[in-house]
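Undergrad: Predicted structure and sequence below. I'll ask about it afterward.
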Amino acid sequence: MKALVYHKPKHVSVDTIPDPIIQDSRDAIIRVTATAICGSDLHIYNGLIPDKQKFVIGHEFMGVVEETGTDVSNIKRGDRVVVPFPISCGQCYFCQQQHLHTQCENSNPEFYGPEGDITKGKGGGLFGYTSLYGGYDGGQAEYVRVPYADFGPRKVPDSLTDDQVLFLTDIFPTGYSSIDWANLQGGETVVVFGCGPVGIMAQKSAWLKGAERVIGVDIQPYRLEKARRAANVETINAAEQDVAEVVRSMTEGRGADVCVDAVGMEADRDILDKALGTLGGQAGTAEVLENAFNTVRRGGTVTVVGVYASNYNQFPFGKIFDKAITLKAGQAPVQRYIDQLLEHVKNGDVVLDDIITHRLPLSEAEHGYKIFNEKKDDCLKVVLQP
Ligand code: NAD
Ligand code: ZN
Ligand code: ZN
């Protein structure tokens, strides 16, 4: 089959590799009909999340069930399904009791552990996300092996197109998590850092959960424009204005009730910053996170879905303490939210496919990575069709 293979930073290519096969009675093989490139794939592409092994990238994918293992009875050949990006057994302490599917104790046997350090003790397995997260091949391919297929995949109605439901695999549940974690009571001012795909999904989710005012922050004018149109938000350009000052002026000097970091460690920065970070052993920068702590009000909540992969110097813990900030972060437990979010899509409460700017055949995936990474051609979200 054809698949997008990671070779080394900035080198991915569509290669011919062996078709996946059933390896366990709970597996299924899915024929991929649509798959998207995520900001998380860019961390791999840019070498911030490294791997010495080659593997198939891709964790946002859907398709048609081709084959199932003997213990899979909830889906069958021919069913159309979306697949959550965390690989979760559905039976362990974290999957069952905590509903924290990204912390699954069984899906990353080699590198799983309680530590959460840079190279040791990682969370549960993720599709297409390096050896440290289980070494599973991902879905930017014609076919993919889905472990625990009796637990993860969800059937989707034929009345909904691939574009309408594909983002249930990751970015909509991720954006929704960032808002759900903040326990809105209604009436809040929510500032979302990042008007990329995840940021815009967080903004849409903030409206669904009763926010009164939603403000999107980015440094790319075309993305700010997209957020205004697709998520009906007010916007601030962080390259031109001091976000904390602007938000305080909008909130009687207090700051936002909730700040979401949907940017992560690859925030834009100058060459000096990059050099200092590299010398200090930092993966990227925590600059946006610090901006969120500045912008949130006293007693407010900061949620972090943008990915951070190392320790960060100058982490402002004194500020978090003084302002009594609640902080919540992590990979999104997609399985926890996906059913209720599918209902929102079915009911027309929310539209997801208005962020797609590029639909390309899988054979043009390399080009897709390039324009998404370099923010060329007003690229916001690339969907690949195998
Ligand atoms: P993206 O790269 O398209 O979006 C990031 C946005 O941040 C861009 O629009 C960029 O212009 C903007 N930005 C850069 N520097 C900024 C700054 N200083 N201030 C404000 N905005 C700035 O990626 P995405 O697909 O939207 O993903 C966003 C983040 O979410 C990534 O870190 C990704 O890895 C992460 N993610 C996490 C989960 C999860 O489960 N937690 C799931 C999916 C994605
Ligand atoms: Zn993703
Ligand atoms: Zn589990």
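TA: Structure's in. What do you need? Ligands and ions are numbered 1, 2, ... in the order given.
Undergrad: Pull the residues that contact the helix or strand bottoming out on mean pLDDT in the chain.
TA: One helix or strand of the chain scores below all others by mean pLDDT, DSSP states H and E: helix 271-279, with a mean of 77. Contact with helix 271-279 is made by R269, G284, T285, E287, as judged by CB atoms under 8 Å, 6 or more residues apart in numbering. To be clear about C-beta, it is placed using only N, CA and C from the backbone, and glycine gets the same treatment.
Undergrad: is it anywhere near ligand 1?
TA: No: Helix 271-279 does not reach ligand 1 (CB under 6 Å from any ligand atom); its nearest approach is 10.7 Å.
Undergrad: what's downstream of that helix, the next helix or strand?
TA: Using DSSP states H and E, the helix or strand that follows helix 271-279 towards the C-terminus is helix 287-295.
Undergrad: Which other helices and strands does that next one contact?
TA: strand 189-193, helix 243-250, strand 256-261, strand 296-304, helix 317-322 (3 or more CB pairs under 8 Å, 6 or more residues apart in numbering; DSSP states H and E).
Undergrad: Using PDB, write out every CA atom in the last one.
TA: Once non-C-alpha atoms are left out, helix 317-322 reads as follows in PDB (Å, rounded to 0.1, in the frame of the first residue of the first chain):
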ATOM      1  CA  PHE A 317       5.300  29.400  39.000                       C
ATOM      2  CA  GLY A 318       5.300  32.400  41.400                       C
ATOM      3  CA  LYS A 319       2.700  34.100  39.100                       C
ATOM      4  CA  ILE A 320       0.500  31.000  39.100                       C
ATOM      5  CA  PHE A 321       0.700  30.900  42.900                       C
ATOM      6  CA  ASP A 322       0.100  34.600  43.400                       C
END
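Undergrad: average pLDDT for that helix?
TA: If you average the pLDDT over helix 317-322, you get 97.
Undergrad: what kind of secondary structure is L380 in?
TA: When classified by DSSP: H, G, I helix; E, B strand; the rest coil, L380 comes out as coil.
Undergrad: touching ligand 3 at all, stretch 103-120?
TA: Yes: judged by CB under 5 Å from the ion, stretch 103-120 and ligand 3 are in contact via C104, N106.
Undergrad: ok, now how distant is the closest residue to ligand 3 within the stretch 201-350 of the chain from ligand 1?
TA: For the stretch 201-350 of the chain and ligand 3, the shortest gap (CB to the ion) falls at Q335, measuring 9.8 Å. Using CB to the nearest ligand atom, to the nearest Å, Q335 is found at 12 Å from ligand 1.
Undergrad: V302 too?
TA: For V302 relative to ligand 1 (CB to the nearest ligand atom), the value is 14 Å.
Undergrad: Equivalent analysis for E67, please.
TA: Counting by CB to the nearest ligand atom, the gap from E67 to ligand 1 is 28 Å.
Undergrad: picking up where we left off before, any chance of the helices and strands packed on helix 287-295 in CSV, with mean neighbour count and distance to G135 too?
TA: Output for the helices and strands packed on helix 287-295, formatted as CSV (neighbours: other CB atoms under 10 Å; distance: least, CB to CB, whole Å):
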stretch, mean neighbour count, distance to G135
strand 189-193, 30, 32
helix 243-250, 18, 39
strand 256-261, 30, 28
strand 296-304, 21, 26
helix 317-322, 11, 34
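Undergrad: Figure out how far the least confident helix or strand of the chain is from the centre of its chain.
TA: Distance of helix 271-279 from the chain centroid (CA atoms, centre = their mean, to the nearest Å) equals 26 Å.
Undergrad: which one of the contacts of helix 271-279 is nearest Q340?
TA: Taking CB to CB as the measure, G284 is the one of those closest to Q340, at 32.5 Å.
Undergrad: thinking again about what came up before, which one of the helices and strands packed on helix 287-295 lies closest to D378?
TA: strand 189-193 (19.8 Å).
Undergrad: Tell me which residues are up against the closest one.
TA: Residues outside strand 189-193 that contact it (CB under 8 Å, 6+ apart): 178-179, 182, 184, 199, 202-203, 206, 211-218, 233, 238, 243, 247, 250-251, 256-263, 288, 291-292, 295-296, 306.
Undergrad: Give me the buried subset of those.
TA: Buried members of those, scored by 16 or more other CB atoms under 10 Å, are 178-179, 182, 184, 199, 202-203, 206, 211, 213-218, 233, 238, 243, 247, 250-251, 256-263, 288, 291-292, 295-296, 306.
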